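Chemist: Give me a model of this one.
(chains A, B, C and D)
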There are 2 protein chains.
Amino acid sequence: MKNNINEPSGIQADDCPSVDGLRMTRQRSEVYKVLMDHRDHPTAGEVFERAKENMPTISLATVYNCLEALVQHGAVRQVNFERESSRYCPNLTEHGHFHDEESGEIIDVPLKKGAMLSDLLELPEGAQIDNLEITLRGTIAE
Amino acid sequence: MKNNINEPSGIQADDCPSVDGLRMTRQRSEVYKVLMDHRDHPTAGEVFERAKENMPTISLATVYNCLEALVQHGAVRQVNFERESSRYCPNLTEHGHFHDEESGEIIDVPLKKGAMLSDLLELPEGAQIDNLEITLRGTIAE
DNA sequence: AGCACTTTTTAGAATAATTCTAATTATTGA
DNA sequence: TCAATAATTAGAATTATTCTAAAAAGTGCT
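Modeler: Below is the predicted model:
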């Protein structure tokens, strides 16, 4: 790969706050920036298209690799709607996703402060929850 | 297809309570029975394997068709865990799913009676919810 | 800087769940 | 019984994602 940008691999805090233990390569930083830029839950393919604008040599496999690395280090969340392509979301606060069937838009749905999941759900005895996904599909009345 | 079983296509209430507007074929009824028999959230492939025991000529495409028909008519729910194969669930009460990472088991998690989703989530103004999916991943402490 | 070592990136091939296609079979209702 | 519609089937096609193996980049030591 031609690397003509004279840039250290440690990234400005603004771009990506050096995710714990994750080496910040130019590609990972670009992928992360794409997600931060418009926070609209793009698919890997969409991230690829956007990343190519700044970094024409990036490959789709790398985008997948970067997304996986970012997800595993907790810098980004992976969101699944039924059988569609995974989407990626840089919002790390606990939240669900509302999929507007009319506009196609995906809207972050924050958990109410202080709300306990166990108020809503009859969880199994002793359950330790590592991951929670709440997805909603519907419409918005005008 | 060889059809050597002399059986009307209308199904016993016990097998499948004539889902509104859905013609109950032998295959759909078999697929539904598989789901009712062990309620363990099988994948389409697993449903296929089980259905073949009683109906060796059934095809995988038909299993997919039947599952889709049953889902669309609300007789069965489709459950997705991340990128895994879809799973199918005949429990029609509102509930989520807990995926035990140790045993691999999937456990239905009932919504508490009277609990409102809007107590937990900051829903968008005017949201009409057609579909809600709550999935949890974790472990169970002994 | 030079060198050995590890990690990442890359293009393209492979995989696997699901959907599609077109032909056959079953079902319905006149 | 016949025509019309719907469902089933085998196998091909699709598509998101993962894998592979080679090249490139990064790291750390002297």
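Chemist: need the contact list for the most far-flung residue of chain A relative to its centre.
Modeler: Relative to the centre of chain A, the most outlying C-alpha is that of residue A:125, 30.9 Å out, by Cα atoms, centre = their mean. By Cβ atoms under 8 Å, 6 or more residues apart in numbering or on different chains, the contact set of residue A:125 is residue B:140. Placement of C-beta: from N, CA and C, glycine included.
Chemist: Could you verify that it is part of a strand?
Modeler: No - according to DSSP: H, G, I helix; E, B strand; the rest coil, the state of residue A:125 is coil, so it is not within a strand.
Chemist: Residue A:67 in helix, strand or coil?
Modeler: Classification of residue A:67 by three-state DSSP places it in helix.
Chemist: Domain-wise, how is chain A divided?
Modeler: Chain A is divided into the following domains under automatic domain parsing: A:1-91, A:93-138.
Chemist: Residue A:35 contacts residue A:44, doesn't it?
Modeler: No - assessed by Cβ atoms under 8 Å, residue A:35 is found out of contact with residue A:44, at 11.0 Å.
Chemist: Return the list of helices and strands in contact with the helix or strand containing residue A:109.
Modeler: Using DSSP states H and E, residue A:109 maps to strand A:106-110. When contacts are defined as 3 or more Cβ pairs under 8 Å, 6 or more residues apart in numbering or on different chains; DSSP states H and E, strand A:106-110 packs onto strand A:95-100.
Chemist: Determine whether any part of the helix or strand of chain A with the lowest mean pLDDT lies close to chain B.
Modeler: The least trusted helix or strand in chain A, going by mean pLDDT, DSSP states H and E, turns out to be helix A:117-120, with a mean of 92. Yes - using Cβ under 8 Å from any Cβ of the partner chain as the criterion, contacts between helix A:117-120 and chain B involve A:117, A:119, A:120.
Chemist: Are any of these buried, and if so which?
Modeler: Those of these that meet the buried threshold are A:117, A:120, by 16 or more other Cβ atoms under 10 Å in any protein chain shown.
Chemist: next one: stretch A:24-33 to chain centre, how far?
Modeler: Remark: stretch A:24-33 is offset 13 Å from the chain centroid, using Cα atoms, centre = their mean, to the nearest Å.
Chemist: Pull out the buried residues from that stretch.
Modeler: Residues A:24, A:26, A:27, A:28, A:29, A:30, A:31, A:32, A:33 are the ones in stretch A:24-33 that count as buried (16+ other Cβ under 10 Å).
Chemist: will you turn the domains of chain A into JSON lines that also has distance to DNA strand D?
Modeler: Converted to JSON lines, the domains of chain A look like this (distance: least, Cβ to the nearest atom of the strand, whole Å):
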{"stretch": "domain A:1-91", "distance to DNA strand D": "4"}
{"stretch": "domain A:93-138", "distance to DNA strand D": "14"}
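Chemist: Of all those, which one is nearest DNA strand C?
Modeler: Closest approach to DNA strand C among the domains of chain A is made by domain A:1-91 (2.9 Å; Cβ to the nearest atom of the strand).
Chemist: just for chain A, where's the confidence low?
Modeler: A:1-18 (pLDDT under 70).
Chemist: got the residues of it near chain B?
Modeler: Counting by Cβ under 8 Å from any Cβ, chain A comes close to chain B at A:78, A:80, A:82-83, A:86, A:96, A:98, A:101, A:107, A:109-112, A:115, A:117, A:119-142.
Chemist: now do the same end-to-end measure for stretch A:115-133.
Modeler: End-to-end span of stretch A:115-133 (Cα to Cα, to the nearest Å): 15 Å.
Chemist: Also stretch A:66-85?
Modeler: Chord length of stretch A:66-85, first to last residue, is 16 Å (Cα to Cα).
Chemist: Same check on stretch A:81-101?
Modeler: Stretch A:81-101 stretches 12 Å from its first residue to its last (Cα to Cα).
Chemist: quick one: is it near DNA strand C?
Modeler: Yes - using Cβ under 7 Å from any atom of the strand, stretch A:81-101 reaches DNA strand C at residue A:83.
Chemist: All the strands of chain A, residue numbers only.
Modeler: Applying DSSP state E to chain A gives strands spanning A:77-79, A:87-89, A:95-100, A:106-110, A:127-140.
Chemist: could I get those as JSON lines with distance to residue B:92?
Modeler: JSON lines is the format used below for those (distance: least, Cβ to Cβ, whole Å):
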{"stretch": "strand A:77-79", "distance to residue B:92": "26"}
{"stretch": "strand A:87-89", "distance to residue B:92": "28"}
{"stretch": "strand A:95-100", "distance to residue B:92": "22"}
{"stretch": "strand A:106-110", "distance to residue B:92": "24"}
{"stretch": "strand A:127-140", "distance to residue B:92": "17"}
